[in-house]
Each structure stands twice: as C-alpha cells, then as structure tokens.
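Chemist: sequence unknown, structure follows:
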C-alpha cells in the first residue's frame, strides 16, 4: 500500500510539474502572439500612411502620355488574348443571332463585349475610388459615388469651369481614400465579367483552366482600375472614348483621326463600306473637350473598329 501511495504521489508531482511547464509555455506563446499582433498593427498603420502619401503625390505628379498609353495597350492586348482563348466555345452562341458570323467575327464580337463591360464598369464610369468604402452609419438608400457622379454631371452641364471641376474631383477622391480602411477590398468587377461569358465556356475546359481565365480577368481589371484612376485624376483630360455606333450612324471618314479600321465583318477588305459596325477597343485621348471629328492632336491611341460590309 505504501509503495502504491509513493508511486501515486510521484505521478501527481510529475503532473504538477507538467502543468507548470505548460503554463509557462502558454504565457510565452501568449506574449509572442501579442508581439506579433502589435507588429501587424504597426505594419497596417505604415501601409495606410504610405497609401495616403502615394495618393497625395498622384495629385502633383503628372503621368506621361507614354506611360498611360503603355498601360492602355497592355489591357487591349490581354483582352484580345482572352477573346481567343480555348476556354470559350463560341459555337455555343445563339445561332439565331450569331449563326451568320464566322469564327473570327465571333471572337471580334467577344473582344468588343469585354471592352464594353470594362468601359461601363471602370474606364468610362464616374468612379472616385477603386475600393469598397467603409464608413459609419451608411444610408442604404444612397450610393455615395453615384451621388457624387450626379453632382459632377450637373457641374459639367452647367458649364462650371473645367479647372474647378478637376480640383473638386481630385479633392473628393482624396477624401474618399480615407474611407477605404486599413485592408481595402477592391470592387467586384472581374468576377461579374467572367460570369457574363459563363454560358459559352467550353465543356472541354477544366476547373483549373477556368480559374486561370478568371484570374486573367482580374489582372485586366486591376490594370483598368489603374488607368481609370490616372484618367480621373488627370488635369489634361485623359479619356477612353469610342465612336457612338450604338446611337448613330458613324462613317469612318468622320472619325479617321480617332479610329483605325481593323477588319470587315462578314467579308474581306475589298468588301468594306464606309460605316463603322462597332469598336473592338476604344481610343485613348487627351483633352477634356476632344471630339472625334476635330483635330487629331489629342489622340494617343486610336480606337480599333470593325467596318460593315457593303
């Protein structure tokens, strides 16, 4: 019996020593975790300060035409590559609408659709921030950027001095940059564009291939946001525009300084007419009041357009 008690006491002492050791280790790990949290918090504060500095510098540092043009052409090249990706089977398009188009024409139409979505969501939108805004007591009845865009439209329609509008827009963008939080979340655009073409994803493409294409859309949108923010902050009126083929008849002669014919839909070059069918990708121009029919001095990159057949 005495031996059993001695053995039990020895085991109990061993357990106490183990508990003491684990307690010390727990305190040690807790201190390390606290230290890591403090370092992470400090890093986030530095990141926020650096972002503010970069945004502030953007107001004063002009981006060269060459730099913004290179970014613009990079987007166009990537959009063209996706429109020709084997991930999509363009024969799956509605034959009642697309049946008369060749494979080349369908790929061109897809490239045009991708550009239209980029133009709608990012490049030609009155955006003030590329990130989701976080602020106290948001009113679900209002979208702050939509309201600001409406105010900007009123300024323009009532002929407020362009310099004043630009100064207001840049100052407003700086204010909104304070509402993006320490871990900014980019607006969801790439996924929506990817989903738009979901009905023509080839049955032969696997999950990995589809994921890679969606990632390529994300890269395109990231670059588009970068270009859009540069254009919105520009004091020289950088814009992405296209001949208004959806609302009016556009003849190539009237837009020769703005647009470059690439091909003829449903025919060869000798079959081309003078009328623009649609734009493959828009034009990059400089000058807030630039119009396609006027002088071409402000065109940094012409729009790529497809002509109708005679």
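Modeler: Structure's in. What do you need? Model, not experiment: these values are computed from the prediction.

Chemist: Give me the nearest residue to residue 89, chain neighbours excluded.
Modeler: residue 202 (3.8 Å; C-beta to C-beta, 6 or more residues apart in numbering). C-beta coordinates here come from the backbone N, C-alpha and C atoms, glycine included.

Chemist: Could you pull up phi and psi at the one you found?
Modeler: phi -70, psi 140 (degrees, to the nearest 10).

Chemist: Check the gap between it and residue 151 for me.
Modeler: Distance, residue 202 to residue 151, by C-beta to C-beta, to the nearest Å: 45 Å.

Chemist: picking up where we left off before, and the residue nearest to residue 89, how many neighbours?
Modeler: Neighbourhood size, residue 202 [other C-beta atoms under 10 Å]: 16.

Chemist: my guess is it contacts residue 90, does it?
Modeler: No. Contact status for residue 202 versus residue 90: not in contact, 9.2 Å apart, counting by C-beta atoms under 8 Å.

Chemist: Dead centre of the chain: give me the residue that sits there.
Modeler: Closest to where the C-alpha atoms of the chain average out (C-alpha atoms, centre = their mean) is residue 221, at 2.9 Å.

Chemist: I'd guessed that residue sits against residue 123; true?
Modeler: No. Using C-beta under 8 Å, residue 221 is not in contact with residue 123, being 10.4 Å away.

Chemist: which other residues reach the top strand by length along the chain?
Modeler: Longest strand in the chain by number of residues (criterion: DSSP state E): strand 272-281. Applying C-beta atoms under 8 Å, 6 or more residues apart in numbering, the contact partners of strand 272-281 are 76, 79-80, 108-109, 111-112, 115, 242-243, 245, 249-253, 255, 259, 261-262, 264-265, 303-310.

Chemist: distance between it and the chain's centre?
Modeler: Remark: strand 272-281 is offset 26 Å from the chain centroid, using C-alpha atoms, centre = their mean, to the nearest Å.

Chemist: Just the buried positions in that strand, please.
Modeler: Buried positions in strand 272-281, judged by neighbour count with 16 or more other C-beta atoms under 10 Å: 272, 276-281.

Chemist: Centre of the chain to the helix or strand encompassing residue 195, how far?
Modeler: Here residue 195 is covered by helix 190-196, with elements defined by DSSP states H and E. Distance, stretch centre to chain centre, for helix 190-196: 11 Å (C-alpha atoms, centre = their mean).

Chemist: re earlier: helices and strands around whichever helix or strand comes after the longest strand of the chain, which ones?
Modeler: With elements assigned by DSSP H and E, the helix or strand that comes after strand 272-281 is strand 283-286. Contacts defined by 3 or more C-beta pairs under 8 Å, 6 or more residues apart in numbering; DSSP states H and E place strand 283-286 against helix 65-83, strand 238-241, strand 299-301.

Chemist: Would you reformat these as a markdown table and include mean pLDDT, mean neighbour count and distance to residue 164?
Modeler: A markdown table is the format used below for the helices and strands packed on strand 283-286 (pLDDT from 0 to 100; neighbours: other C-beta atoms under 10 Å; distance: least, C-beta to C-beta, whole Å):
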| stretch | mean pLDDT | mean neighbour count | distance to residue 164 |
| --- | --- | --- | --- |
| helix 65-83 | 94 | 17 | 24 |
| strand 238-241 | 91 | 21 | 18 |
| strand 299-301 | 93 | 18 | 25 |
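
Chemist: mean confidence for whichever helix or strand residue 22 is part of?
Modeler: Residue 22 belongs to helix 2-60 when assigned by DSSP H and E. Across helix 2-60, pLDDT averages out at 69.

Chemist: low pLDDT regions in the stretch 201-310 of the chain?
Modeler: 288-297 (pLDDT under 70).

Chemist: Let me see the ranges of the helices in it.
Modeler: Secondary structure of the stretch 201-310 of the chain, counting by DSSP state H, counting those that start in this stretch: helices at 207-233.

Chemist: List the contacts of stretch 103-118.
Modeler: So stretch 103-118 is contacted by 75, 79-80, 82-84, 88, 90-91, 93, 98, 101, 192-193, 196-197, 220-221, 224, 263, 265-266, 278-282, 306 (C-beta under 8 Å, 6+ apart).
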